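Trainee: Kindly return the folded structure for what I paste below:
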Amino acid sequence: MGSCAAYLRNTVEHLEDLGIHDRYLWDLQRRVAAEIAAMPPLVPQQ
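Mentor: Numbers count the residues shown, from 1 in each chain. Okay, here's the model as predicted:
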């Protein structure tokens, strides 16, 4: 179990390990990572 973002990252890394470079998946991975990085930090509920 994990997030869709983690699944995407694991997928593109595993494909690279197999010698398969999919530029479209890597582009999607970069976009998702940028969106996550731009998100404000979560505030713990009290």
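Trainee: Assign a three-state SS to the nearest residue to residue 10 once chain neighbours are set aside, would you?
Mentor: Nearest non-adjacent residue to residue 10, counting by C-beta to C-beta, 6 or more residues apart in numbering: residue 2, 8.0 Å away. Every residue, glycine included, has its C-beta placed from N, CA and C. Using DSSP: H, G, I helix; E, B strand; the rest coil, the secondary structure recorded for residue 2 is coil.
Trainee: And residue 2, how close does it get to residue 9?
Mentor: 9 Å (C-beta to C-beta, to the nearest Å).
Trainee: who's more crowded, the two?
Mentor: Neighbour tally, residue 2 and residue 9, criterion other C-beta atoms under 10 Å: the higher count belongs to residue 9, 16 against 8.
Trainee: surely that one meets residue 30?
Mentor: No - Residue 9 is beyond contact range of residue 30, at 10.4 Å (criterion: C-beta atoms under 8 Å).
Trainee: Can you show me the helices along the protein?
Mentor: Under the criterion DSSP state H, the chain contains helices at 4-17, 23-38.
Trainee: Can you check which of these gets nearest to residue 45?
Mentor: Taking C-beta to C-beta, helix 23-38 is the member of the helices of the chain nearest to residue 45, at 20.5 Å.
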